[in-house]
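# Here is the input, now give the coordinates:
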Amino acid sequence: MWRFNEKKHEMETPLRLKIKSLPFGVHEIACHLDEAFFTEEEPVEVRQANVDVSVKVTRHDERVYHLKLSCCGTLMIPCDRCLDDMEHVVDVSYELDVKQDGNSLDDSNDGLLIIPESWTELDVAPLVRDTVLLTVPLVHNHASENDCNAGMLDRLDAYQSGTASENPSHDAMVDPRWDALRKLSEQE
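Presented below is the predicted three-dimensional model:
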């Protein structure tokens, strides 16, 4: 989940915190995310994104930081029922303490991230990405079937009832070997 000095992320971004040079106190970073941010790492079903992110970093001492993320905006994702675009509202915040200690990364605790003392930067982009994407429910449908694509729903109903066929002459083109297999399964 956490990256450090990966080749494809060499460019400066607001979500890459220079933690070693960060002065003590509170610092705020704001940025805007579009769909490219969400599809950069792996394909996800985000067709459009308009999300504003605020990261508040409080440096307590030489090795301890407190992060508070706030993400507000919208994602355009496909409806599982009709496949048309639907708007998903994002309004989420997340807090995390970061401590530099030792030589290894430990993200096993939900509220505490331990990073190696040698790290000079911390890329919080994966945390922001996961925080926003976890707001999307497993099943995402329009609020009402009336909002769904009526043509697609009619087609789905026809397939579920068994009255639809993509190719009207499909039955005439069935390989006779399948009929033989069907007869065998009916005998059992």
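# How about Ser21, nearest residue that isn't a chain neighbour?
Thr120 (7.5 Å; CB to CB, 6 or more residues apart in numbering). Any C-beta I mention is one placed from the backbone N, CA and C, and that applies to glycine too.
# pLDDT below threshold where in the chain?
1-13, 163-174, 188 (pLDDT under 70).
# mind redoing it with 90?
1-15, 19-21, 36, 38-45, 60-62, 80-83, 102-111, 140-188 (pLDDT under 90).
# three-state assignment of Ser146?
Not Ser; residue 146 is Asn. Following DSSP: H, G, I helix; E, B strand; the rest coil, Asn146 is assigned to helix.
# Kindly provide the distance from it to Ser118.
Look at Asn146 and Ser118: by CB to CB, to the nearest Å, they are 57 Å apart.
# name the helices or strands packed onto the host helix or strand of Phe37?
Phe37 is part of helix 35-39 when elements are defined by DSSP states H and E. For helix 35-39, the elements it packs on are strand 48-59, helix 125-133, judged by 3 or more CB pairs under 8 Å, 6 or more residues apart in numbering; DSSP states H and E.
# switch the cut-off to 10 Å
strand 48-59, strand 64-78, helix 125-133 (3 or more CB pairs under 10 Å, 6 or more residues apart in numbering; DSSP states H and E).
# count of neighbours near the residue nearest to Ser21?
13 (other CB atoms under 10 Å).
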